[in-house]
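In: The sequence and its predicted three-dimensional model are supplied below.
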Amino acid sequence: MQMPDANGQWMETFTEREQQEIRFSQTYARKYGHGTDGHNAKLIIAKMAGLLNGNELRIAELEKKPPPDGPVVNR
């Protein structure tokens, strides 16, 4: 599954050292993935970062759209 690489505002909640680990994990998952120590952890971190990026992009898209016509029904 292809995930967005550009990190969004969520990344600001992490320290610089944590951000470096996340960015390295994304690079590792995209370019290497050869089974180094912590292989699964790096793949999981990269996947979670991609999901957060995708969610942030989707929220931004939804915020740009006008609300639907008619009453809002809570289900």
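Out: That came in fine, so what should we check first?
In: Burial check on residue 14, number of neighbours?
Out: A count of nearby residues for residue 14, using other CB atoms under 10 Å, gives 13. C-betas here are computed from N, CA, C, even on glycine.
In: Distance check, the nearest residue in space to it that is not next to it in sequence against residue 36.
Out: Of all residues beyond its chain neighbours, the one nearest residue 14 is residue 22 (6.7 Å), with distances taken as CB to CB, 6 or more residues apart in numbering. Counting by CB to CB, to the nearest Å, the gap from residue 22 to residue 36 is 16 Å.
In: and what of residue 12?
Out: For residue 12 relative to residue 36 (CB to CB), the value is 28 Å.
In: hmm, back to that, the more surrounded of residue 22 and residue 36?
Out: The neighbour comparison of residue 22 against residue 36 (other CB under 10 Å) goes to residue 22, with 20 against 9.
In: OK, contacts around that one?
Out: 7, 11, 14, 45, 46, 49 (CB atoms under 8 Å, 6 or more residues apart in numbering).
In: Check which helix or strand it maps to.
Out: Assigned by DSSP states H and E, residue 22 belongs to helix 16-27.
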